[in-house]
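> I'll drop the sequence and a predicted model, then ask my questions.
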Amino acid sequence: MTKLPVRVARWSAGHPWRAIAGWVLFVALCLGGGMAAGTNAATADDFRVGEAGRGEAMATEGGLQQRPVERVLITAKAGAGALDAGAANAAAGEIVDRMRKLPEVLSVAAPVRSADGTAVRVDVTMKGAELDGKNHVDPLLAQTAKVRAGYPGLRIAESGGPSISKDVQGQRGEDLSRTELIALPITLITLLIVFRSVAMATVPLLLALSAIAAAIGLSMLASHVFPDAGVGTNVILLIGLAVGVDYALFYLKREREERARSGGRLDTRALVELAAATSGHAVVVSGLAVAASSATLFLADDVIFSSIATGAILVSLVAVVGSLTVLPALLVKLGVRAERRAARRAERAAQRGETPAAKSRRTGAGRLTAAVLRITSRSPAATLAVAVLAMLALTAPLANLELTDIGRETYSRDLPAMDTWHRQNQAFPELKAMHQIVVRAEAGRADDVAGALRELERRAHADPQLAGLAELRTSPDRRITMLELRVPHFVSSAVAQDSLDRVREDHVPATVGRLPGVDIAVTGDVARYADYPEHQKGKLPLIIATLLLVTFVITVFAFRSVALGLVGVVLNLLSAGAALGLLVLVFQGTWAERLLDFDSTGSIGSRVPLFLFVILFGLSMDYQVFVISRIREAALRGASTRQAVLDGIGSSAGVVTSAAFVMVTVFASFIGLHLIEMKQFGFSLAVAVLLDAFVIRIMILPATMLLLGERSWWPSIGMRRAREQNPAAVVHPAAKVG
């Protein structure tokens, strides 16, 4: 694998303009091809999991599936006193008339007055699939606005799944734009500090942004195989900026180190080849690790995780391709310019009779890293014990982890549709959620099924956890019958969850469950909310086991060491566990609500732990491969394992710190988003990268390898040969650090 980066870099260095033009053409073709093909969005069928999903499929089979519904709420204006019944009825009548004329509308229900008389609502059912409603809701909102303008004394507003989705989508777009405005400048400033050159600092950013553009285009094409759940672009932005900058940073820093080490004896092309043989190899392994780790998400059998996996795989691989092709070409062009400037400076100095001072760049450990390494080298066992205990202490809150799906009630009330939605639920609590009992049987048994469901309805009327409102519907072919039971509680509430258990475990078995030869499933809002986390919990062990295996195999393959493979797995588990523990501590409690601007749900989004484990395992390989590659290089050159560890950690600490700062900036910018699940994603990844870069790679990894000594490389044949050729290296005395 080492030869491939060198061959590609050699060609790119020899034909820089061709390589640059080829990359630009590649990005343009990816983006153009994706835009031409369009995005294949996931449908409701793709989101179905568990019993709730089975029930939805049965309802759809009979034409009883949920459709997009908008509700127009009419109330008195704040401080205006009681609702004017006459004006409200007139406004409701006009809404009914206007909505029925729209081609997007399937049906309009008669106006309904709330029990306390403070509100009137009109339910409008739209045509098409439930998830498509947001794309066609604008005409309905326009008609509501016209009626509102005609009744200035009333408060008339519209809400529903389509309008809420539209508002949330718009808010998410604004949030992402704001994170880019934060992340990009900070990333550029960091790179300027690292390279002290505008040109060199711009290269990693341009590479990352172009890789993101290409990956977005490819993801559009890939969506025709793996439907897009609406999160693919977010993941590409999140992962692409981080790995794109990291890969370029590793490569550029190595080229600069080799340039400083050569003292002008090597030209730019030779330096690029050296960087390709070392950091280029590490970039390839890291990119494959991110891709392979992300691929385990396909095992979740979930369209959202499939979209995440597709985006992460594409952007990491595209970033690798860019690092191997266009980056060497850019380095050559920049290097040639630098050499010409240096030559001109030397010529002017010679004309003045001066000898130009050689610029030296410090490539060893910084003061803080040197201080930590001194402590670690003197007391590796104590350092390891303290660091591991600290990580385990951070992991401890994980024992109280509560996983739930993120309910609609967690969306920001700043959104007009959400503010109206909350007021609707206050006036009509029966709208908060519902259970749907779906039964499939032979058409001739439809009356028996209906009778059993009517009995279930009577039981529900006596259940204080249910609203007592119900509706029975039968498909045209009489094979599918569905009973809808209203639940006057939000889906995330314990009462709603208990009511689902009562329906599934008590009411259904006592009624329709007694009928032989029928298929029964309980679906609806509450069931969707409950079944999704259970589905994820069921898949989690398989995915984590596969992830551990993938990480182990890649590490063993990269370094020919089973010992390092096992160490890598344990360190990644420590890092992920500590990050999840902190996530639970912060987001399941209420103490950090004002600090991070969120309302605690007392739980963690069901997607977050799995996402964190998989993405973190992939990103951790960036640092692991880069750091251990440096250590292994020193060991193969004849240094003792002890000296190789200290030299490798010291020489890589600067670039790891810089790369970690960029990643943390990108991930932390997501904490400012309104969606609580995105906040949790950003927080957990930022914390995980911090711990991985500054505790795992600078304290725990070196302490472990110092304690293992030569056993760190077991059973590497290449390392044994190097030791046989340099027997003194095994007992090389410890060198001072700092």
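That came through fine. Here the structure is a predicted model, which means the values were calculated and not measured.

> for residue 656, what are its contacts?
Counting by C-beta atoms under 8 Å, 6 or more residues apart in numbering, residue 656 makes contact with 623, 626-627, 693, 697-698. Any C-beta I mention is one placed from the backbone N, CA and C, and that applies to glycine too.

> again, 6 Å this time
623, 693 (C-beta atoms under 6 Å, 6 or more residues apart in numbering).

> Same question for residue 714.
With C-beta under 6 Å, 6+ apart, residue 714 has these contacts: residue 563.

> Please state the backbone phi and psi of it?
When read as degrees, to the nearest 10, the backbone of residue 714 gives phi -70, psi 130.

> which residues in the stretch 1-150 of the chain form helices?
3-14, 16-37, 50-61, 85-100, 138-150 (DSSP state H, counting those that start in this stretch).

> Which other helices and strands does the last one contact?
For helix 138-150, the contact count by 3 or more C-beta pairs under 6 Å, 6 or more residues apart in numbering; DSSP states H and E identifies helix 85-100, strand 154-160 as packing neighbours.

> still on that earlier bit, to residue 284, which of the helices of the stretch 1-150 of the chain lies closest?
helix 3-14 (5.9 Å; C-beta to C-beta).

> Alpha carbons of the closest one, as CSV, please.
Included here for helix 3-14 are C-alpha records, laid out as CSV according to Å, rounded to 0.1, in the frame of the first residue of the first chain:
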residue,chain,number,x,y,z
LYS,A,3,4.0,2.1,-3.1
LEU,A,4,0.7,3.4,-4.4
PRO,A,5,0.8,6.8,-2.7
VAL,A,6,4.4,7.2,-3.9
ARG,A,7,3.6,6.3,-7.5
VAL,A,8,0.5,8.6,-7.6
ALA,A,9,2.5,11.4,-5.9
ARG,A,10,5.4,11.0,-8.3
TRP,A,11,3.0,11.3,-11.3
SER,A,12,1.2,14.3,-9.8
ALA,A,13,4.5,16.0,-9.0
GLY,A,14,5.7,15.4,-12.5
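
> Which pLDDT value belongs to the closest residue to residue 532 other than its chain neighbours?
Nearest-residue entry for residue 532: residue 405, 4.6 Å, with adjacent residues in sequence omitted and distances by C-beta to C-beta, 6 or more residues apart in numbering. The model reports residue 405 with a pLDDT of 80.

> Now do the contacts for residue 405.
Counted by C-beta under 6 Å, 6+ apart, residue 405 has contacts 529, 532-533, 606.

> ok, now residue 449?
Contacts for residue 449 (C-beta under 6 Å, 6+ apart) come out as 439, 441, 481.

> Backbone dihedrals for the last one, both of them.
The phi and psi torsions at residue 481 (degrees, to the nearest 10) take the values phi -130, psi 140.

> Let me know which of the helices and strands packed on helix 138-150 is the nearest to residue 372.
strand 154-160 (54.8 Å).

> Can you tell me the strand partners of the closest one and which way each runs?
strand 69-76 (antiparallel) (DSSP bridges).

> tell me the angle of the strand it pairs with relative to helix 138-150?
With axes from the mean of the first three to the mean of the last three C-alpha atoms, to 10 degrees as the basis, strand 69-76 and helix 138-150 are set at 10 degrees to each other.

> Strand 69-76: how far from the chain's middle?
35 Å (C-alpha atoms, centre = their mean, to the nearest Å).

> hmm, who's touching that strand?
So strand 69-76 is contacted by 83, 88, 91-92, 95, 119-125, 140, 144, 154-160, 162, 420, 424 (C-beta under 6 Å, 6+ apart).

> And the strands in this protein?
Assigned by DSSP state E, the strands in the chain fall at 69-76, 105-108, 112-113, 119-126, 154-160, 403-404, 433-440, 470-474, 480-487, 519-524, 604-605.

> So for the fourth one, mean pLDDT?
When pLDDT is averaged along strand 119-126, the result is 96.

> Which neighbours in the sheet does it have, and how are they oriented?
strand 69-76 (antiparallel), strand 105-108 (antiparallel), strand 112-113 (antiparallel).

> Mean neighbour count and mean pLDDT added to these, as a markdown table?
What follows is these, written out as a markdown table (neighbours: other C-beta atoms under 10 Å; pLDDT from 0 to 100):
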| stretch | mean neighbour count | mean pLDDT |
| --- | --- | --- |
| strand 69-76 | 23 | 96 |
| strand 105-108 | 16 | 96 |
| strand 112-113 | 16 | 95 |
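
> so which of these gets nearest residue 323?
strand 69-76 (48.5 Å).

> rewinding a little: please identify which of the strands paired with strand 119-126 is closest to residue 232.
Using C-beta to C-beta, the strands paired with strand 119-126 put strand 69-76 closest to residue 232, at 27.4 Å.

> so that closest one versus helix 85-100, what angle?
Using the same axes, to 10 degrees: strand 69-76 against helix 85-100 is 160 degrees.

> which ones are touching residue 52?
Residue 52 makes contact with 523, 527-528, 531, according to C-beta under 6 Å, 6+ apart.

> And it, how far from residue 165?
From residue 52 across to residue 165, the span is 19 Å (C-beta to C-beta, to the nearest Å).

> distance of the closest residue to residue 706 other than its chain neighbours from residue 219?
In space, and not counting its chain neighbours, residue 706 is closest to residue 380: 4.1 Å by C-beta to C-beta, 6+ apart. Residue 380 sits 45 Å away from residue 219, taking C-beta to C-beta as the criterion.

> Those two: which is more packed in?
residue 219 (24 against 20; other C-beta atoms under 10 Å).

> ok, how many other residues are close to the closest residue to the more buried one other than its chain neighbours?
Using C-beta to C-beta, 6+ apart and skipping the chain neighbours, the partner closest in space to residue 219 is residue 232 (4.9 Å). Neighbourhood size, residue 232 [other C-beta under 10 Å]: 28.

> What residues does residue 232 make contact with?
219, 307, 311.

> Please apply the same query to residue 243.
So residue 243 contacts 316, 319 (C-beta under 6 Å, 6+ apart).

> can we see that at 8 Å?
Counted by C-beta under 8 Å, 6+ apart, residue 243 has contacts 208, 286-287, 290, 315-316, 319, 619, 622.

> want to try TSV for the residues you listed, with pLDDT and distance to residue 707 as columns?
TSV is the format used below for those (pLDDT from 0 to 100; distance: C-beta to C-beta, whole Å):
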residue	pLDDT	distance to residue 707
208	91	37
286	88	26
287	90	31
290	90	29
315	95	37
316	94	33
319	94	35
619	81	26
622	78	24
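
> Next, count neighbours for residue 118.
Around residue 118 there are 15 residues (other C-beta under 10 Å).

> Contact partners for the most centrally placed residue in the chain?
In the chain, the centroid-proximal residue (C-alpha atoms, centre = their mean) is residue 235; its distance is 5.1 Å. By C-beta under 8 Å, 6+ apart, the contact set of residue 235 is 307-308, 311-312, 315.

> Please save the CA atoms from stretch 646-664 in CSV.
Listed in CSV are the C-alpha atoms of stretch 646-664, where the atom choice follows Å, rounded to 0.1, in the frame of the first residue of the first chain:
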residue,chain,number,x,y,z
LEU,A,646,9.1,9.2,22.9
ASP,A,647,10.3,10.4,19.5
GLY,A,648,7.2,9.4,17.7
ILE,A,649,4.8,11.0,20.1
GLY,A,650,7.0,14.1,20.3
SER,A,651,7.3,14.6,16.6
SER,A,652,3.6,14.0,15.9
ALA,A,653,2.1,15.9,18.9
GLY,A,654,2.0,19.3,17.1
VAL,A,655,0.1,18.1,14.1
VAL,A,656,-2.2,15.9,16.2
THR,A,657,-3.0,18.9,18.4
SER,A,658,-3.7,21.2,15.3
ALA,A,659,-5.8,18.5,13.6
ALA,A,660,-7.8,17.9,16.9
PHE,A,661,-8.4,21.7,17.3
VAL,A,662,-9.8,21.8,13.8
MET,A,663,-12.1,18.8,14.4
VAL,A,664,-13.2,20.1,17.8
